[in-house]
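Trainee: Sequence and predicted structure, then a few things I'm wondering about:
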Amino acid sequence: MIDIKVKIHDAYSFEFKTSFIATKKTTGNETNEFGINTWLFVPNNIDINRSTYSKEQFYKDTKSYIRLITPVYTLQEIYMGESSPLSRLKKAIEDITSDPENAEFQKNYIFQIRMFSSIFKSASRDRAFYIIEEEENDLLNGLIDEYVLHISQIIKRYRDLKPYINHPSISEDNKQYYIFGDDFIGNILQQQTFRLMRGLENMNSFFQVKDKLHNLVVKEDNYKRSQGYSMLDTKDSSNNYLVIMRWGILKKFIESDLFLITKKSKDGAIAEQFFYGIAAGISMIFATVISFSAQLHYGNFTVPLFCALVISYIFKDRIKDLMRYYFSTQLGKKYFDTKRQLDIQHEPIGWTKEAFDYVLESKVPPEVISMRKRSPLVEAENKVYNEQILLYRKLVRLESSKIGTYRGYEFIGINDITRFNIAHYIQKMDNPSIPIYLPDEQDGYVRYSSEKVYALYMVVRCEGSENLYYRKFRLLFNRKGIKEITELKDNQLVQQ
């Protein structure tokens with residue numbers, strides 16, 4: 001199964017978050033393979049083509065990282081039950097208290113803090129979105145009461161573990177790890193509660209729940225202040241950027257166990273060297289045949305032999321380069337540009353491959369061209385100034401049995417998060433705003449200013465073990481950056 005979420009990351013980059021969920025679990029059939037092809041239809045007037053934007057530049061503008069999908073828990077499940085994340089964390093603290101020098105206990109203790117905090121982040125975010133999307137005003141009050149109850153219980157029960165952390169046998173470093181988790185979950189509490197306030201403020205019943213949410217945030221502020229944690233300050237904002245930087249560092253520390261170790265290499269490197277060797281051999285055979293023939297015909301140490309040798313070596317190099325180009329083109333059809341090995345704790349669980357190239361419209365599948373759906377005007381322009389079509393391919397293979405269970409947690413797959421930077425796409429754009437004129441009774445006309453935007457369409461083909469489907473997105477941007485990215489709802493399920 002493949003799930004794609006697209007969003008704007010910043011003014012000049014957008015992000016694809018693709019979840020690859022390993023659904024094959026049966027013995028003997030544990031390999032899950034996924035394929036994603038993304039066609040980018042780039043307007044010709046921004047001058048993106050083979051000569052101005054190379055494959056190497058595309059990869060420089062692309063940033064990708066891979067992490068495990070956070071195990072799914074409800075807020076209540078985080079702290080209720082013997083196998084809850086809170087119970088696992090408490091057990092890890094008891095273990096390290098009993099034997100502080102045990103390396104495995106130390107490793108598990110840090111892992112459990114990170115997993116507890118990551119699961120809390122994921123569960124609170126999902127619950128916040130669920131409440132925001134609830135259309136029944138009558139249910140809102142109960143949902144908020146439930147949210148406040150569970151969030152408060154999770155925070156309280158985590159902080160109830162502090163006396164164990166203050167045990168004399170616990171090192172200062174291990175105490176700091178606990179504090180990092182404490183600070184992080186407090187930040188998450190406030191972030192998701194503010195998300196709720198922003199999402200609900202236009203609902204009629206918001207006034208009934210506003211104080212509950214506000215009190216939750218204020219209570220956390222008071223706690224942070226009592227612990228000396230970094231806090232934002234509206235009266236003195238000069239230090240706020242340091243607070244935000246600390247948030248980012250905490251986030252990286254907490255989520256680090258979810259990120260996979262990857263080893264990047266060139267796909268088909270051995271095959272490439274083999275065929276390049278064949279190219280060198282063919283060119284050498286040509287040069288040797290010419291040399292022997294000229295020697296037999298003209299004899300040794302003659303001017304004609306010398307000329308024949310020079311000509312043979314000239315053509316030898318050209319033949320080698322031509323054969324290398326031919327083999328490189330053919331290999332590009334079979335192999336990808338790069339391959340990344342995915343490891344969990346140095347145990348391989350699969351790999352990903354990716355490739356990029358320009359393609360002719362005649363090589364694009366008809367269903368993709370159909371989804372592009374150019375307007376008559378754009379189609380007429382395209383006959384004169386062809387859209388540039390970029391194809392970004394990704395192939396993923398996962399082994400279900402090797403993902404499985406790790407330290408008590410079930411992992412169902414990976415998230416591939418890829419960011420695309422558009423800085424090179426905007427270099428040759430027109431001004432971001434242009435004057436427009438409308439009739440006016442008094443002055444004859446009135447002048448306004450309007451933004452000028454460019455549209456980049458993306459058609460994504462997703463193929464997993466269970467289905468094949470397409471999705472279409474439109475990116476609007478200009479020299480000031482990205483304006484919006486939206487999914488166009490003419491998606492179609494091709495096979496199920």
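Mentor: Noted; the coordinates are in hand.

Trainee: three-state assignment of residue 49?
Mentor: coil (DSSP: H, G, I helix; E, B strand; the rest coil).

Trainee: shouldn't it be in contact with residue 389?
Mentor: No. Counting by Cβ atoms under 8 Å, residue 49 does not reach residue 389; the two are 10.6 Å apart. The way it works is simple: take the backbone N, C-alpha and C, and place the C-beta from them, glycine included.

Trainee: Compare these two and say which one has the larger neighbour count.
Mentor: The neighbour comparison of residue 49 against residue 389 (other Cβ atoms under 10 Å) goes to residue 389, with 21 against 14.

Trainee: that's a strand at the more buried one, yeah?
Mentor: Yes. Judged by three-state DSSP, residue 389 forms part of a strand.

Trainee: can I see the domain layout of the chain?
Mentor: Here the domain parsing of the chain from automatic domain parsing is 2-65+344-495, 84-259, 268-334.

Trainee: May I see those arranged in TSV, with distance to residue 73 as well?
Mentor: Formatted as TSV, these follow (distance: least, Cβ to Cβ, whole Å):
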stretch	distance to residue 73
domain 2-65+344-495	10
domain 84-259	5
domain 268-334	42
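
Trainee: Indicate which one of those is closest to residue 74.
Mentor: Closest approach to residue 74 among those (Cβ to Cβ): domain 84-259, 6.3 Å.

Trainee: just to revisit the earlier point, who touches both of residue 49 and residue 389?
Mentor: residue 358 (Cβ atoms under 8 Å, 6 or more residues apart in numbering).

Trainee: Nearest spatial neighbour of residue 261, chain-adjacent residues omitted?
Mentor: Once flanking residues are discounted, residue 261 sits nearest to residue 343: 4.4 Å by Cβ to Cβ, 6 or more residues apart in numbering.

Trainee: That neighbour: what's it in contact with?
Mentor: Counting by Cβ under 8 Å, 6+ apart, residue 343 makes contact with 260-263, 349.

Trainee: tell me the contacts of residue 21?
Mentor: 1-3, 69, 412-413 are the contacts of residue 21 under Cβ under 8 Å, 6+ apart.

Trainee: What is the neighbour count of the closest residue to residue 77 other than its chain neighbours?
Mentor: Spatially, and ignoring its direct neighbours in sequence, residue 77 is nearest to residue 84 (6.1 Å; Cβ to Cβ, 6+ apart). Neighbour count of residue 84, defined by other Cβ under 10 Å: 19.

Trainee: Residue 84 and residue 440, how far apart?
Mentor: 68 Å (Cβ to Cβ, to the nearest Å).

Trainee: What of residue 31?
Mentor: As judged by Cβ to Cβ, residue 31 and residue 440 stand 69 Å apart.

Trainee: neighbour-wise, which of these two wins?
Mentor: residue 31 (14 against 10).

Trainee: how about the helices in this protein?
Mentor: Assigned by DSSP state H, the chain shows helices spanning 55-60, 75-79, 85-98, 103-133, 137-159, 162-165, 172-200, 206-227, 240-255, 269-298, 303-334, 366-372, 376-384, 400-403.

Trainee: tell me which residues of stretch 149-169 are tucked away?
Mentor: Neighbour counts over stretch 149-169 (16 or more other Cβ atoms under 10 Å) mark 150-151, 153-155, 157-158, 161, 165 as buried.

Trainee: could these be laid out in CSV, adding distance to residue 356 and pLDDT?
Mentor: Converted to CSV, those look like this (distance: Cβ to Cβ, whole Å; pLDDT from 0 to 100):
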residue, distance to residue 356, pLDDT
150, 45, 97
151, 44, 97
153, 49, 97
154, 44, 97
155, 45, 97
157, 48, 96
158, 45, 96
161, 49, 94
165, 49, 91
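
Trainee: Quick one: residues in contact with stretch 299-306.
Mentor: Taking Cβ under 8 Å, 6+ apart as the rule, stretch 299-306 contacts 294-295, 297-298.

Trainee: pLDDT below threshold where in the stretch 351-496 of the chain?
Mentor: Within the stretch 351-496 of the chain, the ranges that satisfy pLDDT under 70 run 374-385, 490-496.

Trainee: so residue 448 bridges to which residues?
Mentor: Assessed by DSSP bridges, residue 448 has beta-bridge partners residue 436.

Trainee: re the thing from before, restricted to strands, list the contacts of residue 21.
Mentor: Taking DSSP state E as the definition of strands, the contacts of residue 21 contribute 2-3, 413.

Trainee: what about residue 308, neighbour count?
Mentor: Neighbour count of residue 308, defined by other Cβ under 10 Å: 18.

Trainee: ignore the last one, residue 175
Mentor: Neighbours of residue 175 (other Cβ under 10 Å): 14.

Trainee: need the contact list for it.
Mentor: By Cβ under 8 Å, 6+ apart, residue 175 lies in contact with 165-166.

Trainee: re earlier: with respect to residue 213, which of the buried residues of stretch 149-169 is nearest?
Mentor: Set against residue 213, the nearest of those by Cβ to Cβ is residue 151 (10.1 Å).

Trainee: and that closest one, what does it touch?
Mentor: The contact partners of residue 151, by Cβ under 8 Å, 6+ apart, come to 75, 124, 189, 192-193, 216.

Trainee: just curious, which of the residues you listed is nearest to residue 463?
Mentor: Distances from residue 463 to the contacts of residue 151, taken as Cβ to Cβ, are shortest for residue 124 (33.3 Å).

Trainee: Was I right to think that closest one contacts residue 190?
Mentor: No. Applying Cβ under 8 Å, one finds residue 124 not in contact with residue 190, separated by 10.5 Å.

Trainee: higher neighbour count, the two?
Mentor: For residue 124 versus residue 190, neighbours defined as other Cβ under 10 Å are more numerous around residue 124 (24 against 18).
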